[in-house]
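with the sequence up front, the predicted model follows.
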Amino acid sequence: MLNIAVLVSGGGTNLQALLDAQKSERIHSGRITLVVSNKAGAYALERAVNAGVETAILPKSKDESPADYAQKLIALLRANQIDMVVLAGFMLILDAVFIRAYEGRIINIHPSLIPAFCGEGFYGLRVHKAALERGVKVTGATVHIVNEIADGGPILAQKAIDVLPNDTPDTLQKRVMEQAEWVLLPQEVEKLACRLGKEKKQ
Ligand code: GRF
């Protein structure tokens, strides 16, 4: 069985969608065996504990280089025999050392239709604020493979959501999460796990 780690920093609603999908066997080609947070108080950790999944806290200190942090993370994941990594609201940009160690096996969810409103500085509510300011009529979510360019890896799936006349960043974020992110991420995690699982057996 393929071991999946989910990396989080905050509330973990996407993690919850993955745990629910695992429970209902919509995710069955891999198993979420570890949740890693860079923040000690992240509610996502509680969600993991409630689902009986092992957790680890790996904070990054200010004077630690991204490459040193990446080595620590790689060591933690290897010690847990992790085959695939899901970034679900993980707020640190990962160093190339990490990307190379798990090349093609890291998946991310971004709350816009890439290439709009993505890249450095576009996270959380900022994404939805920028979409509203630009006046787009459609936004959505994108699941992609992570490479060395922020939000620049190969796109796996996108789901569009209409922007409504009275939307605020909060209402738009909520709708994108409920109707796009929580649907798309579990589907794509299952597909990638299935593909990687077949490669592992060969
Ligand atoms: C989501 O909007 C996700 O697209 C982005 O960060 C947010 C994380 O939310 N990458 P949550 O922690 O999953 O609730």
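Looks like it came in fine.

now the helix or strand hosting residue 170, how far from the chain's geometric center?
Using DSSP states H and E, residue 170 sits within helix 169-176. On the basis of CA atoms, centre = their mean, to the nearest Å, helix 169-176 sits 18 Å off its chain's mean C-alpha point.

what helices and strands are in contact with that helix?
If contacts are counted by 3 or more CB pairs under 8 Å, 6 or more residues apart in numbering; DSSP states H and E, helix 169-176 sits against helix 125-134, strand 138-145, strand 155-162. Bear in mind the C-beta positions are built from the backbone N, C-alpha and C, glycine included.

tell me the angle the longest helix along the chain makes with strand 138-145.
The single longest helix within the chain, with elements called by DSSP state H, is helix 182-201. Orientation check (axes from the mean of the first three to the mean of the last three CA atoms, to 10 degrees): helix 182-201 against strand 138-145 gives 20 degrees.

show me what from this protein comes close to the ligand.
Counting by CB under 6 Å from any ligand atom, the chain comes close to the ligand at 8, 10-15, 44, 88-89, 109-111, 177, 181.

next step: those restricted to helices.
Of the residues of the chain next to the ligand, the ones assigned to helices by DSSP H are 13, 14, 15, 44.

want to throw these into CSV with neighbour count, pLDDT and distance to residue 32?
Shown next, in CSV, are those (neighbours: other CB atoms under 10 Å; pLDDT from 0 to 100; distance: CB to CB, whole Å):
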residue, neighbour count, pLDDT, distance to residue 32
13, 18, 98, 15
14, 26, 98, 12
15, 28, 98, 8
44, 26, 98, 12
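
quick one: terminal-to-terminal distance for stretch 147-164?
Stretch 147-164 has an end-to-end distance of 33 Å (CA to CA, to the nearest Å).

next one: stretch 122-138
End-to-end distance of stretch 122-138 (CA to CA): 17 Å.

before we move on, the earlier item: max pairwise distance over the residues of the chain next to the ligand: which two?
44 and 110 (17.3 Å; CB to CB).

follow-up on the earlier one: buried among the residues of the chain next to the ligand? Make that a PyMOL selection.
To isolate the buried ones among those in PyMOL, judged by 16 or more other CB atoms under 10 Å, type:
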select buried, resi 8+10+12+13+14+15+44+88+89+109+110+111+177+181
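
ok, the residue in the chain that the ligand sits nearest to - contacts?
Using CB to the nearest ligand atom, the single residue of the chain nearest to the ligand is residue 89, 2.6 Å away. Contacts for residue 89 were tallied using CB atoms under 8 Å, 6 or more residues apart in numbering; they are 8, 9, 10, 11, 12, 13, 14, 15, 44, 109.

so, low pLDDT: which residues of the protein?
For the chain, no stretch is flagged by pLDDT under 70.

contacts only, for the residue lying closest to residue 8 once chain neighbours are set aside.
Nearest non-adjacent residue to residue 8, counting by CB to CB, 6 or more residues apart in numbering: residue 44, 3.8 Å away. The contact partners of residue 44, by CB under 8 Å, 6+ apart, come to 8, 9, 10, 11, 12, 15, 35, 37, 88, 89.
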